[in-house]
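Participant: sequence and predicted structure below; questions after.
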Amino acid sequence: MKALVVQADWKPKKEYYLTKDEELTRRARIGSQVWCNPHFEYKDVPTPDLEDTEVLIRVRSCGLCGSDTHLYETDQEGYILFSGQVKLPGIIGHEFSGIVEKTGRRVVHLKIGDAVTAESILWCGLCSPCRRGALNQCQSLDLLGLSSNGALAEFIVIDEKYCWKINKLRDVADEDTVFDIGALIEPIGCAYNGLFVSGGGFRPGDTLVVYGTGPIGLAAIALGKISGASKIIAFDKIDSRLKLAQLLGADYVYNLDQMGNQNLRPQNKVLELTNGEGANIQVEAAGAASFTIPAMLESMAPNSKIIYLGRSSDLVSIELNRLVSCAASIHGARGHAGNDIFPNIIKLIALDKLKIKDMITASYPFSNTIEAIKTSIKRDNGKIIIKI
């Protein structure tokens, strides 16, 4: 089968502490500290064999994630920018949907011909966090398309337990669009997990502020809209993404580069729009914590929450007195597994309540994936879909 394979040099930085497990498995805990000089190449690779509980899926659509872009981009020394878990060489791509082509002999819930999507957090189900229900904090997890072979290929093999049927989406979309929408469920799941699971939700009528209107920020806006946020305020530096934010439910959008003077700082705008009360829930989806977190701290309402979704290696000073005075909290969130996240999103889309198709702003054939990744560096699209 054809696949897009990424290779790089294993070259741990001098100041990076390399564990024995990393040395043995060549799976870096922090990819940006280890993998250097990435190279992307189309290759003919064997179609994987099936284990008893696995399914073979013919990939139809695969979204490009910021983490894919960060595997392509490098710093001045040639190291990848993605700061999460990475094992190379490998097939990238983790936001996908497709059709079941073959099933292992112990597969129970899926059959040939089913339209499916899948979680990209590959949890073990056996460690203490998994057994407590914290699947996204699995001690042995792999990340599809980052530390385990992914979906930018003609086929992918994956365990049935990570898969979810999307046959019901055929009620609201044509056959081709079903798979494009199916590829959006994974990033939407990250926003859902942050807002409603890790963050514990919010009350209808609360004010929601979102920093960063890439796909996860856009998903937070769409979910906030249908969940009863009275005002949704979005900040970004790219006008095209702010227009998408409005389309998906933001009431007020602001380009940070055009805010200029001290009085127009984002925290002041939030306080102005909330009559001085501040925001009830704020989402960091920009990966720019050194800028966003101080602004959020200055515009918190009492008992409010900050949801941190943007992956960044920034070190940020926090004025803890503000958290104490407001009885506020900061919640980190990773992933989208468990807690009915995928099935609930699928139900909302199938009932035409969660309308997210407008998030897709570009599509490319599989043969032009590298060109699409180069385009993603501009960060002016919503979601880019690769058609396979």
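Facilitator: Perfect, I can see it now.

Participant: how close does the residue lying closest to residue 72 once chain neighbours are set aside get to residue 70?
Facilitator: Of all residues not flanking residue 72 in the chain, residue 373 sits nearest, at 5.0 Å (C-beta to C-beta, 6 or more residues apart in numbering). For every residue, glycine as well, the C-beta is placed using N, CA and C. For residue 373, the distance to residue 70 equals 10 Å [C-beta to C-beta, to the nearest Å].

Participant: same question, residue 114
Facilitator: 32 Å.

Participant: give the buried residues for the worst-scoring helix or strand of the chain on mean pLDDT.
Facilitator: Lowest on mean pLDDT, DSSP states H and E among the helices and strands of the chain sits helix 320-326, with a mean of 89. Across helix 320-326, burial judged by 16 or more other C-beta atoms under 10 Å covers residue 323.

Participant: equivalent analysis for stretch 356-363, please.
Facilitator: 356, 359, 360, 361, 363.

Participant: same thing with stretch 252-269?
Facilitator: 252, 253, 254, 256, 259, 265, 266, 267, 268, 269.

Participant: is it true that the second one lies in a strand?
Facilitator: Going back to what we said before, that points to residue 253. Yes. Per DSSP: H, G, I helix; E, B strand; the rest coil, residue 253 lies within a strand segment.

Participant: from residue 161, how far off is the spatially closest residue to residue 131 that is not a sequence neighbour?
Facilitator: Using C-beta to C-beta, 6+ apart and skipping residues adjacent in sequence, the residue nearest residue 131 is residue 125, 7.7 Å away. Applying C-beta to C-beta, the value for residue 125 to residue 161 is 7 Å.

Participant: ditto for residue 305
Facilitator: 31 Å.

Participant: of the two, who's got more company?
Facilitator: Higher neighbour count among residue 305 and residue 161: residue 305, with 24 against 15, using other C-beta atoms under 10 Å.

Participant: which SSE is the more buried one in?
Facilitator: strand 300-308 (DSSP states H and E).

Participant: and that strand, which residues are buried?
Facilitator: For strand 300-308, by 16+ other C-beta under 10 Å, it's 300, 301, 304, 305, 306, 307, 308.

Participant: residue 343 touches residue 164, doesn't it?
Facilitator: Yes. Judged on C-beta atoms under 8 Å, residue 343 makes contact with residue 164 at a distance of 6.4 Å.

Participant: average pLDDT for the helix or strand where residue 23 lies?
Facilitator: Secondary structure from DSSP H and E places residue 23 in helix 20-25. Here helix 20-25 scores 93 as its mean pLDDT.

Participant: go ahead and confirm residue 118 touches residue 161.
Facilitator: No. The criterion here is C-beta under 8 Å, and residue 118 misses it with residue 161 at 9.6 Å.

Participant: and residue 62, what is it in contact with?
Facilitator: 93, 95, 96, 151, 152, 183, 385, 386, 388 (C-beta atoms under 8 Å, 6 or more residues apart in numbering).

Participant: can I get the CA coordinates of the helix ranked longest in the chain in CSV?
Facilitator: The longest helix of the chain (DSSP state H) is helix 215-226. Extracted as CSV, the C-alpha positions of helix 215-226 are listed here (Å, rounded to 0.1, in the frame of the first residue of the first chain):
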residue,chain,number,x,y,z
PRO,A,215,-9.8,23.5,14.5
ILE,A,216,-9.8,22.8,18.3
GLY,A,217,-10.7,26.4,19.1
LEU,A,218,-13.4,26.4,16.4
ALA,A,219,-14.7,23.2,17.9
ALA,A,220,-14.9,24.8,21.4
ILE,A,221,-16.9,27.6,19.9
ALA,A,222,-19.3,25.3,18.1
LEU,A,223,-19.8,23.2,21.2
GLY,A,224,-20.1,26.3,23.4
LYS,A,225,-22.8,27.7,21.1
ILE,A,226,-25.1,24.6,21.3
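
Participant: what angle do that helix and strand 300-308 make?
Facilitator: 140 degrees (axes from the mean of the first three to the mean of the last three C-alpha atoms, to 10 degrees).

Participant: what residues does helix 215-226 touch?
Facilitator: With C-beta under 8 Å, 6+ apart as the criterion, helix 215-226 contacts 63, 65-66, 184, 187-188, 190-192, 194-196, 202, 208, 210-211, 213, 232, 234, 236, 241, 244-245, 248-250, 281, 283, 285-286, 307, 309, 348, 353-356, 359, 382-383.

Participant: for it, buried residues please.
Facilitator: Burial within helix 215-226, assessed by neighbour count using 16+ other C-beta under 10 Å, is assigned to 215, 216, 217, 218, 219, 220, 221, 222, 223, 224, 225.

Participant: immediately after that helix, which helix or strand?
Facilitator: According to DSSP H and E, the helix or strand after helix 215-226 is strand 231-236.

Participant: tell me how far that next one is from the chain's mean position?
Facilitator: The chain centroid and the centroid of strand 231-236 are separated by 19 Å under C-alpha atoms, centre = their mean, to the nearest Å.

Participant: list of residues touching it?
Facilitator: So strand 231-236 is contacted by 207-213, 217, 221, 224-225, 242, 245, 249-256, 266, 269-270, 273-274, 279, 286 (C-beta under 8 Å, 6+ apart).

Participant: ok, now stretch 128-138?
Facilitator: Applying C-beta under 8 Å, 6+ apart, the set of residues contacting stretch 128-138 from outside is 121, 123-125, 127, 139, 193, 333-339.

Participant: out of those, which are buried?
Facilitator: Those of the contacts of stretch 128-138 that meet the buried threshold are 121, 123, 127, 193, 333, 334, 335, 336, 337, 338, 339, by 16+ other C-beta under 10 Å.

Participant: what separation do you get for the residue nearest in space to the middle of the chain and residue 344?
Facilitator: The residue lying closest to the centre of the chain (C-alpha atoms, centre = their mean) is residue 187, at 3.9 Å. According to C-beta to C-beta, residue 187 and residue 344 sit 15 Å apart.
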